[in-house]
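Enquirer: Sharing a model that was predicted from the sequence below.
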Amino acid sequence: MPSSSRPSQLSPRACPCRGRTWRSALGRTVGLSPVLGIGLGIGLGIGLGTGLTLGLGCSPMVRPARFASARDRVTDVSLRGPFDGQVVDETTAEPIQGAVVVGVWSYDEGDGLSTPSGSEVIEVKTDQAGRYRLPAAPMRKRGRDLRLVSFHMVIYKRGYVGYRSDRRLDGTPRTDFTLRHNRVSLRKWQNTDSHAQHLVFLAAPATVIKLSSWERESANLDLYRELGGEVASPAPQEESGPQATLQLLDARALLPPEDVRRRTGYTDAFDVKELGDLARTHFYHGVHLQAVDRDEVWDVAYRVWKDPPGGLAPVIETFEATLPQVPITGEITTETWVYDTDKVRAVAFLDRDRTVGVLLTCGAMQCVDIETAIILAGFVYENLDQLELVDAPAAPEPASGRPPEGTR
Amino acid sequence: MRAGRRIARWLGALGLGAALVVPTPATAWDPSTTHLGMLERSVLDSAMHLRWMESSQLQRGLFSPLRVDPARLPEATRRLLTRALRRVHAASGAQAMGGPGACPGASAPEVTRAHCVEGDLWEMTALGWLELGVVVETVPAERLLHHFLDRQEPTAARWTDDDLPRAMLRAKHAKAGGTVASRATGGAFEGSGRSALAWLEDARDPWAPPALAEHLRRASLAADRDERDHHRALALLCMGALLHVIQDLSVPAHARGDISAMFLPLSEHARDRGLPLQELARDSYGRAGLPNPVALTPRAAPEVNRGIPRAPTLRAHVLGHGQWVGLWGEAGRRYFSESSLPAARALDDALSPEEAASRLLEGAVIDATEREGARLSAWPAERGYLLGGSGHALAAFRRDDQGQTRLWLDRHVYRTQMQQLIPLGVDVGRSVLDLVVATWPTMEVDAAARSITLTPGATWKDATLLVMVEDTRGTREAVAEAVMQGEGTHRVVEAWPATLAEDAQVVLVLRNPAGVMPAAVEQALELRTSSGKDAGSSAPRAPVPKVRTGVTRPVRGGKVPVRTKAPGEEGPGEEPGEEPSEEPESKTPDNDKTASGSSEPKTPPDDEQAASDSPEPETPDDAKAVGDSPESKTPSSTSQ
């Protein structure tokens, strides 16, 4: 985004006090006082008043924007905004509804020894079409040496890699952000992604901090691995004692393929895989029963949270985000969500006694009706006692600090 | 002559300003972009996260939330922190949740409770507190004045820049937001200030290394878990502030005490002044895209010397140690700042490029490696570059109408500086973190025998080992302590009680004497007594080089006297950095390079006195530490 080749000047429009100084304001006032026969004290008083008016009433200077106004269009561009655009899924190009979009206008102040001077923040959510619109900067801050120095936009949607208007996940500068008609393609989270890298990249404002707090524990483990820490338990070392082991939740026993076949009558094979969008941890496991050589409407998938570090509240948030506007029923437990569409059926439930949350989704061809999905969820519920922690597979010695793929 | 030189510099600066046309003034690296990018890089390159995770059974790392209780802070510190939190840019990663007023009660509108944590507590990840530390160093702006070294005598406790009249500097200070009060107390900028080296030893400053050391000790030794987290967060703030100061010294203007350079005109706007190097770095790189590498993932350990500090003390990071010439030697002697450029000279066209460069550098303060072999890129010529002995551009030159050859810093020179000095600042930041967040020394644990065999090495040779038992509520109690007697192997027997409460955890803490960095380190033990010997070996191992400990010196003699003491007995009762018990001694650079690696004044702790006075354990329940001489390997009869 930053480009040294671009001209960069303070915006004269946004700086009504530009060029004025305390000295000039006071000097003019003191200069008038002998003419008018007014005492120096009164003159100073007026001068101070003038100065205060000039100083405290000044709109901030606005630095030049480092982004374009819009693609293929030349219009005025300013850090002030307003900003608009659309958030879509990178793979499907489908709009993403309910993504949190945070606009942050940041200020510096001081002349010579300048320092940060806070931010103004506006938060919106994308609509059904994935669109967002951030109004112009509130510009409530006042001061002679105040400068609006940057605008950042941060977008967060669980299950996706977040977005920043100034840089990409790999740390390189982003150059495609535009003021108007900005198109944001969010990539689905993959199990090879690093939560540590994600959190460092987000450098999140408070709203996003809250939303992303569930990633912290995984981030600690991810970074530990990336730094070369051994999280698996290889063969015992002769010179040292047992080593700490990274354990992972194993939910595969909750719904074996044969249980699905028993209910649905499906006769072909399933591949039992990991759901790749969220990293597997000691408190989360996503299992994908992928129908071999079939479309995904024949698939079954379920996600299980067991003793999540943030409690069940984030799990409920996930349910509510995934299954919008679904009332709570008592189909499996007293807190069950049932969601039925033409293409997919979903059942989620909480077992607070065992601190477990489950979200099961079933393609419409595999689960011909919602009752089938509820019964499969019931199988999962009956098998909850089979949840267990297993040792993570041993990771090979990292050569470059990057975790090997597939270790999460 | 001197006045002419000043005018020449300012003319050059004005020309530079017109050439750059970059907006807004600032200080050193920009705190909200370049500094935070450098800090991120330093943290990822360091072994800090690795060491924390290992010492806490993988429970605590850079992304763990930590809370600060405003009620525990002294009033002045709380005010500073509150101001910093208001000033921090919200998208910088250093915005805290919670704080006073964030939880107005259940009856308040939900939107007013959106950032509530609990009571008045602030909460942020460890990384967030580190990043906020960069910002607290800018609140108030006068704090930036202790980010300089004296241009003539880098070891001096104060720096002086007499390029501009004091009256002009006072005016600049006022325009920079300086207060009358700061002028009255000597904190104002009037052409001189306390040097960064003095700040490193300032026991009164709430964010300086002495306060950092105290917070680190309390982060391990405080009985209450919340209190430990509170001090851990404050220690991280101090580390962020320390990195800000240290990394600022990778800017030539800072390493050369050239504050005049901070007020150079950057554009036609009257109040648009600052340091061109900083502005160009912010403009060119932002927070992302710093000179290689830019990825937000750790680099390979050997590539960055992860875990190995460049120098054994903070002071030595600035002044040098062994082969390392220090930030002062690198940034302050191999690169020019705006006001430290040599004066213009008339050069004969008959001179060779080497001779012309030599003439231009006469009287300049520049390292010999750059002076020798220096040459002009072309001579005779109207313009070109002055190249140092290492080949990089020291300055641009042009011949003016009077035939004088003037030096100035242009965009190309600044880019050279950025590409060399930002990675340098990153690496020194990494090194400082690896020094402060030290690794646990080599140790073997025999859980069944309740014994520890510990080799403290040079880093911990004077440390005190405290054995603490932590219950399920997180409350820690010291059950034994032993004073290390040198670098050799120590064996501590009956280190913890034979019977521990269910789920109780043994935590070992090594605490260095006051003034020695690293200040403290802890290691949790996972004791599975049923599995017998070695069950206590706790942390997973990682291929991280340990801190260099130098030559091991075996300890002679018998037992190390031990005694028990509650953690609360140690350290001042007041908050670190507020009311120091004594002034730090002034040190010379030579004093710094001691074998112990300590630059700070060393106060013999009570423990050391006890060690010499009482050779016998005071209580029968105490742990026993045994030196590594063959005859003392087995627990002596005095252990019972």
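Expert: Yep, that arrived. Numbers count the residues shown, from 1 in each chain, chains lettered A, B, ... in the order given.

Enquirer: and the gap between the most centrally placed residue in chain B and chain A?
Expert: In chain B, the residue lying closest to the centroid (CA atoms, centre = their mean) is B:L242, at 3.5 Å. As judged by CB to the nearest CB, to the nearest Å, B:L242 and chain A stand 18 Å apart. C-betas here are computed from N, CA, C, even on glycine.

Enquirer: I believe that residue is in a strand; please confirm or correct that.
Expert: No: counting by DSSP: H, G, I helix; E, B strand; the rest coil, B:L242 falls outside a strand, being helix.

Enquirer: Just the pLDDT at it, thanks.
Expert: On the pLDDT scale, B:L242 is placed at 97.

Enquirer: Could you do A:L278 as well?
Expert: 78.

Enquirer: just B:A524 next, same as before
Expert: 92.

Enquirer: same for the one helix or strand it maps to, what does it pack against?
Expert: Assigned by DSSP states H and E, B:A524 belongs to strand B:520-525. Identification of packing neighbours for strand B:520-525 by 3 or more CB pairs under 8 Å, 6 or more residues apart in numbering or on different chains; DSSP states H and E yields helix B:48-55, helix B:209-221, strand B:505-511.

Enquirer: what angle do the longest one and strand B:520-525 make?
Expert: This means helix B:209-221. For helix B:209-221 against strand B:520-525, the angle by axes from the mean of the first three to the mean of the last three CA atoms, to 10 degrees is 20 degrees.

Enquirer: Helix B:209-221 packs against which elements?
Expert: helix B:225-248, strand B:505-511, strand B:520-525.

Enquirer: Tell me which of the ones you listed sits most buried.
Expert: helix B:225-248 (a mean of 25; mean count of other CB atoms under 10 Å in any protein chain shown).

Enquirer: The next helix or strand after that one - what's its average pLDDT?
Expert: As assigned by DSSP H and E, the chain's next helix or strand after helix B:225-248 is helix B:252-255. If you average the pLDDT over helix B:252-255, you get 92.

Enquirer: one step back: can you put the helices and strands packed on strand B:520-525 in a markdown table and add mean pLDDT?
Expert: Formatted as a markdown table, those follow (pLDDT from 0 to 100):
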| stretch | mean pLDDT |
| --- | --- |
| helix B:48-55 | 93 |
| helix B:209-221 | 96 |
| strand B:505-511 | 94 |
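
Enquirer: Could you dump the ones you listed into CSV and include distance to A:A206?
Expert: Output for the helices and strands packed on strand B:520-525, formatted as CSV (distance: least, CB to CB, whole Å):
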stretch, distance to A:A206
helix B:48-55, 23
helix B:209-221, 25
strand B:505-511, 33
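
Enquirer: any idea where the strands of the stretch 51-200 of chain A begin and end?
Expert: A:61-62, A:83-89, A:100-109, A:115-125, A:131-134, A:147-156, A:163-164, A:182-186 (DSSP state E, counting those that start in this stretch).

Enquirer: Could you name the residue of chain B that is farthest from its center?
Expert: B:A350 (49.8 Å).

Enquirer: how far away is that residue from chain A?
Expert: For B:A350, the distance to chain A - CB to the nearest CB - is 38 Å.

Enquirer: Just the CA atoms of the strand holding B:A524, as CSV, please.
Expert: Coordinates of each C-alpha in strand B:520-525 appear next as CSV, following Å, rounded to 0.1, in the frame of the first residue of the first chain:
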residue,chain,number,x,y,z
ALA,B,520,14.0,-14.0,37.2
VAL,B,521,12.9,-17.2,35.5
GLU,B,522,10.5,-19.9,36.5
GLN,B,523,9.9,-23.5,35.6
ALA,B,524,6.8,-25.5,36.5
LEU,B,525,7.4,-29.2,37.3
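
Enquirer: For whatever residue of the stretch 201-350 of chain B ends up closest to chain A, which residues are in contact?
Expert: Residue of the stretch 201-350 of chain B nearest chain A, by CB to the nearest CB: B:A288 (3.6 Å). Going by CB atoms under 8 Å, 6 or more residues apart in numbering or on different chains, B:A288 touches A:M1, A:D166, A:R167, A:R168, A:G171, A:T172, A:P173, A:R174, B:G37, B:V294.

Enquirer: State the pLDDT value of residue 5.
Expert: Chain wasn't specified; assuming chain A. The model's pLDDT for A:S5 equals 31.

Enquirer: if you could check chain B rather than the one you did, that'd help
Expert: At B:R5, pLDDT is 49.

Enquirer: What separation do you get for B:Q323 and A:D342?
Expert: Noted for B:Q323: a distance of 71 Å to A:D342, by CB to CB, to the nearest Å.
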